[in-house]
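Q: my questions are about this predicted structure, shown below with the sequence.
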Amino acid sequence: MDRDIAVKFESVSFSYGDVHVLDDASFHIHHGEFVAMVGPNGSGKTTVLKLLFKLEKPNKGNIDICDSTAYVSQHMPFDNLFPITVRDVVRMGLLYSQKRYSKTVIRESVAQALEKTGIADLTARPYRSLSGGQKRRTLVARALAAKPGLLVLDEPTANMDAESETRLYETLGAYKGTTTILIVTHDTEFVTSLTDRVLCLGNSRKIVQHGVESNVCTGHGDEKHSKVLHGEDITCC
């Protein structure tokens, strides 16, 4: 694999029994890129994630990942009666790693992740008391605490207000170029203006990748969120 490639799908096919999900799908992501994977519900995005994390095996083709990986799901299963703080949640990103960290490294890594995600002032707050946007940024901080090479976020802005969405993308923007970022979303119209390339899934059962042709402000005022204009030959979205 080329040195500058972080993720590579090569002629991957996958099916659940007789249901074909991917057919000879190929794409690659370079180190430090900010990539959006878009497609309607049922297009195969979840299957791609399962293949990435080796929860499923392709029927044919090869998948290579060069970087350590962290994943941010839409929600964290959580018992509201459990007294866990924001700091505790972020520490989980290190405690569940295969690496062994000293107490000093854990403390410094947690503090850095809290600071970079803009939630240092929430450190001692109960996780259950946070807003939806604050919870999402806490989960991002948890993922970033171990300094992964690849960060994957599933529907990161679902049910977020515009301000929380803007703050999340500001956080991710600070990592662009050093951390490879993959955002997976069913929203086929809008992605952040940080996006370098779009991976588009649709009825073709293939993945079409292309660069961002142009960005158009969607009216949020800060131009952090932009509409990607696909070429007319791109029909899967």
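A: Perfect, thanks for sending it.

Q: contacts only, for the nearest residue to Lys206 once chain neighbours are set aside.
A: Ranked by C-beta to C-beta, 6 or more residues apart in numbering and with sequence neighbours excluded, the top spatial neighbour of Lys206 is Ala25, at 5.2 Å. C-beta coordinates here come from the backbone N, C-alpha and C atoms, glycine included. Neighbouring residues of Ala25 by C-beta atoms under 8 Å, 6 or more residues apart in numbering: Phe9, Ser11, Val12, Ser13, Val48, Gly61, Arg205, Lys206, Ile207.

Q: name the SS class of Ala25, please.
A: Here Ala25 is recorded as strand under DSSP: H, G, I helix; E, B strand; the rest coil.

Q: could I get the full set of strands for this protein?
A: Assigned by DSSP state E, the strands in the chain fall at 5-16, 19-30, 34-38, 60-65, 69-72, 150-154, 180-185, 190-192, 197-201, 207-211, 215-217, 225-228.

Q: which strands and helices lie in contact with the fourth one?
A: By that I understand strand 60-65. Judged by 3 or more C-beta pairs under 8 Å, 6 or more residues apart in numbering; DSSP states H and E, the packing partners of strand 60-65 are strand 5-16, strand 19-30, helix 45-52.

Q: the inter-axis angle of it versus strand 150-154?
A: For strand 60-65 against strand 150-154, the angle by axes from the mean of the first three to the mean of the last three C-alpha atoms, to 10 degrees is 110 degrees.
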